[in-house]
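In: Generate coordinates for the sequence data below:
(2 chains)
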Protein chains: 2
Amino acid sequence: MNTTFLPVNPPQRLLMGPGPINADPCVLRAMSSQLIGQYDPAMTGYMNEVMALYRGVFRSTNAATLLVDGTSRAGIEAILVSAIRPGDKVLVPVFGRFGHLLCEIARRCRAEVHSIEVPWGEVFSAQQIEDAIKQVKPRLLLTVQGDTSTTMLQPLAELGEICRRHGVLFYTDATASLGGNALEADAWGLDAVSAGLQKCLGGPSGTAPITLGAAMVEVIRRRAHVEAGIRTDAHRDGEDEMIYSNYFDLGMILDYWGPERLNHHTEATSALFGARECARVLLEEGLDAAIARHKLHGDALLKGIQGMGLETFGNLEHKMNNVLGVVIPQTVNGDEVRKLLLEDFGIEIGTSFGPLAGKIWRIGTMGYNARKDCVMQTLSALEAVLNRLGLRTTQGAAMQAAWDHYGERR
Amino acid sequence: MNTTFLPVNPPQRLLMGPGPINADPCVLRAMSSQLIGQYDPAMTGYMNEVMALYRGVFRSTNAATLLVDGTSRAGIEAILVSAIRPGDKVLVPVFGRFGHLLCEIARRCRAEVHSIEVPWGEVFSAQQIEDAIKQVKPRLLLTVQGDTSTTMLQPLAELGEICRRHGVLFYTDATASLGGNALEADAWGLDAVSAGLQKCLGGPSGTAPITLGAAMVEVIRRRAHVEAGIRTDAHRDGEDEMIYSNYFDLGMILDYWGPERLNHHTEATSALFGARECARVLLEEGLDAAIARHKLHGDALLKGIQGMGLETFGNLEHKMNNVLGVVIPQTVNGDEVRKLLLEDFGIEIGTSFGPLAGKIWRIGTMGYNARKDCVMQTLSALEAVLNRLGLRTTQGAAMQAAWDHYGERR
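Out: Got it, this is the predicted structure:
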């Protein structure tokens, strides 16, 4: 056994891919705070603050707003396994990889999964989704708001009203979009939303903020089950089939975050400190201001890429603010470009998978990296690398186009 | 929405309960490192180092040694849901709360759960467990090594050979014991072990190191299933029923940590940095030296508590090195003592639950807090608080007894 490893000392990178991105240094500082006990009044106070802060981030008054201790897909699975009873019908509009993921997780929950698809690079109209709801009559509609695999943002604002009319529970995975694109959990009639920190919220992967409306909480409560090790005579099980996971049983997680503070897992304190700081910094800036910032820098990147003469991917009307698909020019090798960017400039941009593998790069401008200097550095380095590999560009046009967008022509 | 929250600034606490305890400052520093991309060679290099380091911690050569992104019970559930097919028989020897938890999680996996019990404060003989195996003929034996609810440590060394003879897969939850008590995954014939950082490893809750032997990996591989969004023609599903969780599908997690690096979750980078530092610091000290340190300070605390005239709980022959049950004297209120210790000394000791609620305190000496100053401060403060509440002690005898144990009588 080699025990001579040195302490962690990662190389400096500018992470301009589809996430994770560089964490806000404030968040890392918060995470380096010393621990406190699980039931210390200071700790339960922080937990309550996290709930309040994320209500602001989700634009919701939901009491059931909390963290699932795991990466963003842990938040997805917690909601799906808690809500879906085996045999329940779910409808998933798939417009990229993360729609497939929802189907996959729902199948593991033994749902009867129905999906509709559009080609990668497009999104669904509300009418298409309502038509499918009428046909399938699902118990849940499972959507992805922003699918980084295609860079597209599915409009959700009209879907809540449709779901209400058809008695369907409405969930969205907002991992990649929250904080950089508008999301109004209450106004849009969302019954459940899950997210992660590693995109527009400027934190590390590892904890998943979620919010649950009253209807979703009721569905979950009907499946209540209290552990033998800590149950008392006052605890009663619900009438529906129990949730087939202990770790993701949101009823138990709600009781841990709620006034009863019934022990479940040991809350991941450092991650909670980080999640709290992500939300605190975001709300200090103002949610609308943060979304506008993502749009500003996303658009500046777009202008720069177009100024470089490169093609973009997908329907730009429905592009997420925080990530752009760039068609890889046929004369260069996409992976070689990424390698040179990483090795010689310390800049990471994203590759792609599925039908887009080898066809597009994905460049992110999100969270702490939704900044002018990040956009300018990335454009500058990308142009130099492409030139190095023999692709001719109008020198500097990309930077000037981005600058123009910022309104600072010199 | 109140957006005037200040940055996290937790009060200073000395955490002398059953865990979580204060994190080693080295670990917090590692966790405050800036992020790098998921497939950055530096990141995959760190992942490989984590695997190597935890092989040292688990005393195993298992290739399948990695982290599950969630708290320690996420590690438990990942192993159980990946190994247990619905209807499989499992045997759980229950000697405290965490045995009940294994039963609970196994039930959620739709296992046919059989348990045997001893009173809280005792452990099982190998013979008792073999008798039950003969009777039940389970596919898996699910054990807890150290159950903090009772402070007892179940001897495991003989069980692997028994399991092999009866064709049973052998798992233990070593969350509370690993790093502070001997555990030899390979020598003891363990097919799977899971742990957490927040006890003897001196880190925060939130990531679960696990190790899987070849037999366990084969069981998991027979249930392989690759996500539609990333599968290619080269991928094939296994012959057994698929695993009913995506997040905890250890086959997929193995493919993410293995040479294929097939995307699953986005690794919780900060937690991984912390987990790496926990193992690095532990192996730098030496695993045997760390276990001896836990025994030294655990025994010093025991001598001190006895010197104070207090009774201890359970069979001391089978006590974990890192936590002690102390019978609450009838003349004081246990919660009032804990409150005074926390508020006036900044020291946290543990309460109890289940049959021990209100009857014992649990005092930990583990990880970064398995130190002489922590033991002496805790004894001193506890005596002062008990005196304040009217309990008479031979003044200072506790500290002198602990000092004697350290061999530094003055």
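In: contacts, neighbours, all on C-alpha from now
Out: OK.
In: Secondary structure class of the one residue sitting closest to the centre of chain A, three-state.
Out: For chain A, the residue nearest the mean C-alpha position is A:T175 (1.2 Å; Cα atoms, centre = their mean). The three-state label given to A:T175 by DSSP: H, G, I helix; E, B strand; the rest coil is coil.
In: Now for it: which residues touch it?
Out: Contact partners of A:T175, counting by Cα atoms under 8 Å, 6 or more residues apart in numbering or on different chains, are A:72, A:146, A:194-197, A:199.
In: please redo it, this time with the cut-off set to 7 Å
Out: Contacts for A:T175 were tallied using Cα atoms under 7 Å, 6 or more residues apart in numbering or on different chains; they are A:72, A:194-196.
In: Next: A:T365.
Out: A:16, A:294, A:297-298, A:322-323.
In: so which two of those are the farthest from each other?
Out: Spanning the widest gap among those are A:M16 and A:H294, at 13.1 Å by Cα to Cα.
In: residue boundaries of the strands in the stretch 51-200 of chain A?
Out: A:64-68, A:89-94, A:112-117, A:140-144, A:146-147, A:152-153, A:169-173, A:192-194 (DSSP state E, counting those that start in this stretch).
In: Out of those, which one sits most buried?
Out: Highest mean neighbour count among the strands of the stretch 51-200 of chain A (mean count of other Cα atoms under 10 Å in any protein chain shown): strand A:146-147, with a mean of 30.
In: quick one: A:G325 from chain B, how far?
Out: According to Cα to the nearest Cα, to the nearest Å, A:G325 stands 18 Å off from chain B.
In: Neighbours of that residue, how many?
Out: By other Cα atoms under 10 Å in any protein chain shown, 29 other residues sit near A:G325.
In: Check A:V27 too.
Out: There are 26 residues near A:V27, going by other Cα under 10 Å.
In: Can the helix or strand hosting A:L28 be said to contact chain B?
Out: Using DSSP states H and E, A:L28 maps to helix A:25-31. Yes: residues of helix A:25-31 contacting chain B under Cα under 7 Å from any Cα of the partner chain: A:28-31.
In: most surrounded residue in the residues you listed?
Out: A:M31 leads the residues of helix A:25-31 next to chain B on contacts (other Cα under 10 Å) with 29 neighbours.
In: what's near enough to touch that residue?
Out: A:270-271, A:273-274, B:32.
In: near chain B, which residues of the stretch 301-410 of chain A show up?
Out: Residues of the stretch 301-410 of chain A found near chain B (Cα under 7 Å from any Cα) are A:G354.
In: ranges for the strands of the stretch 301-410 of chain A?
Out: A:323-327, A:347-348, A:360-364.
In: Out of these, the one nearest B:R280 is which?
Out: Per Cα to Cα, nearest to B:R280 of these: strand A:347-348, 28.2 Å.
In: and the closest one, which strands flank it?
Out: Partner strands and pairing direction for strand A:347-348 (DSSP bridges) are strand A:14-15 (parallel).
In: mind checking how far the residue nearest to A:G367 when sequence neighbours are not counted is from A:A174?
Out: Residue nearest to A:G367 in three dimensions, not counting chain neighbours: A:C200, with 3.9 Å by Cα to Cα, 6 or more residues apart in numbering or on different chains. Relative to A:A174, A:C200 is positioned 10 Å away (Cα to Cα, to the nearest Å).
In: who has more neighbours, those two?
Out: Taking neighbours as other Cα under 10 Å, A:C200 and A:A174 compare with A:C200 leading, 33 against 25.
In: I figured that one hits A:G364, correct?
Out: No: at 9.6 Å, A:C200 does not count as touching A:G364 under the criterion of Cα atoms under 7 Å.
In: so A:C109 makes contact with A:A83?
Out: No: judged on Cα under 7 Å, A:C109 makes no contact with A:A83 at a distance of 9.3 Å.
In: which residues of chain A score low on pLDDT?
Out: Along chain A, segments meeting pLDDT under 70 span A:1-3, A:227-231, A:408-410.
In: helix, strand or coil for the residue of chain A most remote from its centre?
Out: The centre of chain A is farthest from one residue, A:D233, which by Cα atoms, centre = their mean lies 40.3 Å away. For A:D233, the assignment made with three-state DSSP gives coil.
In: For B:C200, see how far away it is.
Out: 34 Å.
In: Next: A:A397.
Out: Where B:C200 is concerned, A:A397 sits at a distance of 57 Å (Cα to Cα).
In: same thing with A:H235?
Out: 33 Å.
In: Check A:S205 too.
Out: Distance, A:S205 to B:C200, by Cα to Cα: 25 Å.
In: what does A:F273 give?
Out: 22 Å.
In: picking up where we left off before, A:L262 is nearest to which of the strands of the stretch 51-200 of chain A?
Out: Judging the strands of the stretch 51-200 of chain A by Cα to Cα, what sits closest to A:L262 is strand A:64-68, at 14.8 Å.
In: What is that closest one packed up against?
Out: helix A:41-58, strand A:208-212 (3 or more Cα pairs under 7 Å, 6 or more residues apart in numbering or on different chains; DSSP states H and E).
In: most neighbours per residue, which of those?
Out: Sorting the helices and strands packed on strand A:64-68 by mean neighbours (by mean count of other Cα under 10 Å), the first place falls to strand A:208-212, with a mean of 27.
In: Paired strands for that strand, with orientation please.
Out: Assessed with DSSP bridges, strand A:208-212 is paired to strand A:64-68 (antiparallel), strand A:192-194 (antiparallel).
In: Tabulate those (JSON lines), appending distance to A:V123.
Out: Below are the strands paired with strand A:208-212 laid out as JSON lines (distance: least, Cα to Cα, whole Å):
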{"stretch": "strand A:64-68", "distance to A:V123": "28"}
{"stretch": "strand A:192-194", "distance to A:V123": "19"}
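In: quick one: which of the ones you listed is nearest B:E49?
Out: Here strand A:64-68 is closest among these (Cα to Cα), at 27.2 Å.
In: what's the closest one in contact with?
Out: Contacts of strand A:64-68 (Cα under 7 Å, 6+ apart): A:50-51, A:54-55, A:74-75, A:207-212, A:254.
In: now stretch A:147-161
Out: By Cα under 7 Å, 6+ apart, stretch A:147-161 touches A:18, A:96-98, A:120-124, A:126, A:145-146, A:170, A:176, A:188-190, A:318-320, A:323-325, A:352.
In: PyMOL command to pick out the buried ones of the residues you listed?
Out: Buried residues among those (16 or more other Cα atoms under 10 Å in any protein chain shown), as a PyMOL selection:
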select buried, chain A and resi 18+96+97+98+120+121+122+123+124+126+145+146+170+176+188+189+190+318+319+320+323+324+325+352
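In: when you check the contacts of stretch A:147-161 against the helices, which ones overlap?
Out: A:97-98, A:126 (DSSP state H).
In: Next, format these as TSV and append distance to chain B.
Out: Output for the ones in helices among the contacts of stretch A:147-161, formatted as TSV (distance: Cα to the nearest Cα, whole Å):
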residue	distance to chain B
A:R97	5
A:F98	8
A:A126	24
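In: Show me what the strand or helix carrying A:L282 is packed up against.
Out: Using DSSP H and E, A:L282 falls within helix A:269-285. Here helix A:269-285 touches helix A:25-31, helix A:41-58, going by 3+ Cα pairs under 7 Å, 6+ apart.
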